[in-house]
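Novice: Just the structure for this:
(one chain, ligands or ions: 2)
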Amino acid sequence: KPIIVVEELTKIYKMETFELKALQNVTFKIYPGEFVSVMGPSGSGKSTLMNLLGCLDTPTSGRYFLDQQDVSMLKDNTLATFRNKKIGFVFQSFNLLPRLDAFQNVELPLIYAGVSRVERNEMVKKFLAKVGLEDRMHHRPNQLSGGQTQRVAIARALVNDPSIILADEPTGNLDTRSGEEIMHIFQTLNDEGKTIILVTHEHDISLHTKRILLFRDGQLVGDEKVENPVRAE
Ligand code: ADP
Ligand code: ADP
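Specialist: Ligands and ions are numbered 1, 2, ... in the order given. Model (predicted):
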C-alpha cells in the first residue's frame, strides 16, 4: 500500500489583490521504501509541495492521504501530532539551535516526546553514531563543518523514528564532497527501509535517488524511474 497518496492537490495563495496558484491538480503515489527527488525551476511549487507533504500547511483543494489517513482537512493540532509521529525534516540551512551542542540538538525532539533521560541518552548516541559523529557530540554547530552540521540535523530528524524523511535542498549549502556524504547517508537509510523525498536543483544529486518528479509552474510534468541510481561513497 502506498504511504503517500496525493490526488488533485491544489494550493492557492490568496493575496490582497490577486491569487497565486502555487500547485495545480497534482496527483501521484509514493510507496514505502521509495527514494524520490523533486526537481523543477525556482517558483515551480517544490517548497509548497513539501510543506503540504510535511503537514506544515493544508491544501486549498484535493486530497492528501498519509499512511492511509486523509490529512487534507485536519486541524492544526491534529496535523502537528501526525507530523511529529510520521515525518522527519532536513533543511538546506540545517536549522539547528546554535547554543546547543550536537547531543542537545538531537535530544530535543525526544524531550518534547517525553522520553526518559536514560532512553534519550541511548538514542541520541545511537543516531549520532549512525551519521558518524559520536566523537563530535559536544561540539556546537559553529564548531562543525557544514557537512557535519547537516549530519547532526539528519540524526535529529531520525530520533523519533519517522517513516518518511522530507529533505528540502539538503546539499544546497554544501561542497560536492560533503553533499556526496549526505547522499551516502540517505542511501543507507533508504536501504534500511526509510521513505525519502528530497528537493534538489542538482541533476547529479537526483541521480542518487530512485525516482524523479519534475515540476513546472505548479504542475507535475514528469515522473521517471532512475534506472541505475549512482551509489554515493
Ligand atoms: P519552489 O520551491 O519551486 O521555488 P515555491 O513553492 O516556493 O516554489 O513557490 C511557488 C510559487 O508560490 C511561487 O510563485 C512563490 O512565490 C509562491 N509562494 C510560495 N509560498 C508563498 C506564500 N507563503 N505566500 C504567497 N506566495 C507564495
Ligand atoms: P526555496 O529556496 O526552498 O525554493 P523559497 O525561497 O521559494 O524557498 O521560499 C522560502 C520561504 O518563503 C518558503 O516558506 C515559502 O513558502 C515562502 N515564500 C516564497 N515565496 C513567497 C511569497 N511570494 N510570499 C510569501 N512567502 C513566500
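Novice: beta partners for residue 13?
Specialist: Listed by DSSP bridges, the beta-bridge partners for residue 13 are residue 20.
Novice: got a list of what it touches?
Specialist: Going by Cβ atoms under 8 Å, 6 or more residues apart in numbering, residue 13 touches 19, 20, 22. No exception for glycine: its C-beta is placed from N, CA and C like everyone else's.
Novice: Close to ligand 2: what parts of this protein are there?
Specialist: 42, 47, 168, 169 (Cβ under 6 Å from any ligand atom).
Novice: now the residues you listed in CSV, with secondary structure, distance to residue 94 and neighbour count?
Specialist: Shown next, in CSV, are the residues of the chain next to ligand 2 (DSSP: H, G, I helix; E, B strand; the rest coil; distance: Cβ to Cβ, whole Å; neighbours: other Cβ atoms under 10 Å):
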residue, secondary structure, distance to residue 94, neighbour count
42, coil, 21, 7
47, helix, 16, 16
168, strand, 11, 20
169, coil, 11, 20
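Novice: which SSE is the residue nearest the centre of the chain in?
Specialist: By Cα atoms, centre = their mean, the chain has its centre lying nearest to residue 166, at 1.3 Å. Using DSSP states H and E, residue 166 maps to strand 164-168.
Novice: Same question for residue 125.
Specialist: Judged by DSSP H and E, residue 125 forms part of helix 117-130.
Novice: What residues of that helix count as buried?
Specialist: For helix 117-130, the neighbour count (16 or more other Cβ atoms under 10 Å) marks 120, 123, 124, 127, 128, 130 as buried.
Novice: In terms of secondary structure, what does whichever helix in the chain runs longest contact?
Specialist: Across the chain, the helix with the greatest residue count (assigned by DSSP state H) is helix 176-191. Here helix 176-191 touches strand 35-39, helix 146-158, strand 164-168, strand 195-199, going by 3 or more Cβ pairs under 8 Å, 6 or more residues apart in numbering; DSSP states H and E.
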